[in-house]
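>>> no sequence on hand, only this structure:
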Ligand SMILES: Cc1cc2nc3c(=O)[nH]c(=O)nc-3n(C[C@H](O)[C@H](O)[C@H](O)COP(=O)(O)OP(=O)(O)OC[C@H]3O[C@@H](n4cnc5c(N)ncnc54)[C@H](O)[C@@H]3O)c2cc1C
């Protein structure tokens, strides 16, 4: 079995390593246009901020390790065309420009995503950078040494992590976003209000509810202009979002409107013997039970592993995702899963929510910290749709518990009474997850209450 893999970061590495182990007879050829594989972009802000000193720790595989598994990795090779009918591809060696054809029995598309770069006036100016791969992170570190005023455009997870890193490095930092709130896709206002306050308290300028119109400068960027103001900038990082890298397959397999490849629960595209995983794909989003574009490393490694499991015969099904994610901003440990109250309402779901604010363990303990937990659920069915948590103590793993609840279609009544342990070091007799379920119990006589 001749297997070709395009792209070797998280989805690609997971697919390759598992394919090599499961089918030792397979002839696996990997094409990667970059000069490294398996880079953990989630470490970029920590590397830029100086917490990660040795960037080699941000890689977990290499062409040499893949060679030990019998895999041939063509580094700095870009696949420039794929024909899924004739099962051929065309690749270009980026070092010497030569091109050649290859054939495959099975194709694994793990081409990932690329940052969105709008056609702003002045976008070609120097010192306007992206934050996606290892080379980007090195350029950001190098250029930021000379920069005093840094503007980050885009207040999602990546933008927020970067502004914190730059501020800790003593820079004057501005965060611009078109939305009224930071992290608006992941958290409701009760949380973002507090995080925005924390960023402002650390001296970060928040320029929200405004759109970048142009970049100004002579050769290098010096000012970012929005529809509501102007911000001095020696360095700009664009963190506006990601687009799937799927031009190669356009017109050959089914895709969402944004180009994300649609795969079934066995990671099969609409073409036989063509599989896809990771940021190049849409995922099945359990809260809405629809396909959605949620580019995360967690989805990438799971889907890559499943490609290998299902490469010869459909064997293990993908369970879908809740888009569970976490972030630490200064002292605050924050995580979320599934839908926020705002996103549920935007999706036209009749949703309700409960908010629990309590000390996470008994007050007789020498220390205790407040936790804020919000659980969102569908009003009629009482099915759990999402949750968010924030505390100075790391309680983020609770959100993984709620992720499992959503996965299994649990209702608020079940969350109220499901068994969680109690030990004063860690929590209260009613775990705050139970408390959220209890707070949502309907106020009706028991006989008429919702049956679990
Ligand atoms: C700054 C940052 C922080 C992040 N933090 C987190 C986090 O904390 N948690 C989390 O879950 N996710 C995080 N993510 C998202 C996560 O990094 C991505 O979801 C993940 O990288 C997706 O992996 P992938 O293998 O699908 O695609 P990618 O990482 O996009 O890799 C695709 C690979 O394909 C190669 N390629 C593409 N086209 C071709 C071609 N034609 N020929 C040859 N090679 C090609 C590319 O060079 C690339 O190496 C973060 C992302 C960024 C940028």
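That came in fine, so what should we check first? Keep in mind it's a predicted model, so treat the numbers as computed, not measured.
>>> hmm, which helix or strand of the chain has the shakiest average pLDDT?
Within the chain, no helix or strand scores below helix 44-49, which has a mean of 92 by mean pLDDT, DSSP states H and E.
>>> which other helices and strands does it contact?
helix 134-145, helix 157-168 (3 or more C-beta pairs under 8 Å, 6 or more residues apart in numbering; DSSP states H and E). Where C-beta positions appear, they are placed from N, C-alpha and C, glycine not excepted.
>>> so what's the residue positioned nearest the centre of the chain up against?
Central residue of the chain (C-alpha atoms, centre = their mean): residue 296, 3.1 Å from the mean position. Neighbour list for residue 296: 321, 323, 325 [criterion: C-beta atoms under 8 Å, 6 or more residues apart in numbering].
>>> now with 7 Å, please.
323, 325 (C-beta atoms under 7 Å, 6 or more residues apart in numbering).
>>> could you do residue 268 as well?
residue 275.
>>> follow-up on the earlier one: would you convert the helices and strands packed on helix 44-49 into CSV that also reports mean pLDDT and distance to the ligand?
Shown next, in CSV, are those (pLDDT from 0 to 100; distance: least, C-beta to the nearest ligand atom, whole Å):
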stretch, mean pLDDT, distance to the ligand
helix 134-145, 94, 8
helix 157-168, 97, 4
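>>> need the winner for burial among the ones you listed.
helix 157-168 (a mean of 23; mean count of other C-beta atoms under 10 Å).
>>> orientation of that one relative to helix 134-145 in degrees?
30 degrees (axes from the mean of the first three to the mean of the last three C-alpha atoms, to 10 degrees).
>>> so what touches helix 157-168?
Residues contacting helix 157-168 (C-beta under 7 Å, 6+ apart): 45, 48-49, 131, 144, 150, 152, 173, 175, 182-183, 199, 202-204, 237, 239, 325, 327, 329-330.
>>> swap the cut-off to 8 Å and go again
Taking C-beta under 8 Å, 6+ apart as the rule, helix 157-168 contacts 44-46, 48-50, 131, 144, 150, 152-153, 173, 175, 177, 182-183, 186, 195, 199, 202-204, 237, 239, 325, 327, 329-330.
>>> ok, now which ones touch the residue in the stretch 101-250 of the chain that the ligand sits nearest to?
Here the stretch 101-250 of the chain gets closest to the ligand at one residue, residue 112, 2.0 Å apart by C-beta to the nearest ligand atom. If a contact means C-beta under 8 Å, 6+ apart, then residue 112 has 7, 9, 11, 244, 245, 278, 279, 280, 295, 300 as its contacts.
>>> out of those, who's nearest residue 36?
residue 9 (9.1 Å; C-beta to C-beta).
>>> hang on, that closest one packs against residue 110?
Yes - Residue 9 lies in contact with residue 110 (C-beta atoms under 8 Å); the separation is 7.3 Å.
>>> one step back: can you tell me the closest non-neighbouring residue to the residue of the stretch 101-250 of the chain closest to the ligand?
residue 279 (4.2 Å; C-beta to C-beta, 6 or more residues apart in numbering).
>>> and for residue 258?
Nearest non-adjacent residue to residue 258 (C-beta to C-beta, 6+ apart): residue 293, at 5.8 Å.
>>> how about the helices in this protein?
10-22, 44-49, 63-68, 134-145, 157-168, 189-201, 297-310, 341-346, 397-407, 412-417, 432-439 (DSSP state H).
>>> let me have those helices in TSV, extended by distance to residue 358.
Shown next, in TSV, are the helices of the chain (distance: least, C-beta to C-beta, whole Å):
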stretch	distance to residue 358
helix 10-22	37
helix 44-49	31
helix 63-68	47
helix 134-145	39
helix 157-168	26
helix 189-201	14
helix 297-310	29
helix 341-346	19
helix 397-407	13
helix 412-417	15
helix 432-439	6
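>>> of all those, which one is nearest residue 256?
Going by C-beta to C-beta, the one of the helices of the chain nearest residue 256 is helix 297-310, 14.4 Å.
>>> so which residues make contact with that closest one?
9-15, 17-19, 21-22, 40-42, 108, 110, 112, 263, 266-268, 275-279, 281, 283, 315-316, 318, 321, 324.
>>> so what pairs up with residue 129 in the strands?
residue 237 (DSSP bridges).
>>> does it touch residue 143 like I think?
Yes - with contact defined as C-beta under 8 Å, residue 129 reaches residue 143; the gap is 6.7 Å.
>>> what about residue 378, how many neighbours?
18 (other C-beta atoms under 10 Å).
>>> what's the spacing between it and the ligand?
26 Å (C-beta to the nearest ligand atom, to the nearest Å).
>>> what's the answer for residue 298, then?
Taken as C-beta to the nearest ligand atom, the span from residue 298 to the ligand is 4 Å.
>>> give me the number of residues near that residue?
Residue 298 has 15 nearby residues by other C-beta under 10 Å.
>>> between the two ends of stretch 255-266, how far is it?
16 Å (C-alpha to C-alpha, to the nearest Å).
>>> please see if that stretch touches the ligand.
No - remark: stretch 255-266 sits outside contact range of the ligand, by C-beta under 6 Å from any ligand atom, the gap being at least 10.9 Å.
>>> same check, this time on stretch 73-86
Yes - using C-beta under 6 Å from any ligand atom, stretch 73-86 reaches the ligand at 78, 79.
>>> measure how buried residue 99 is and give me the count.
12.
>>> great, nothing more from me.
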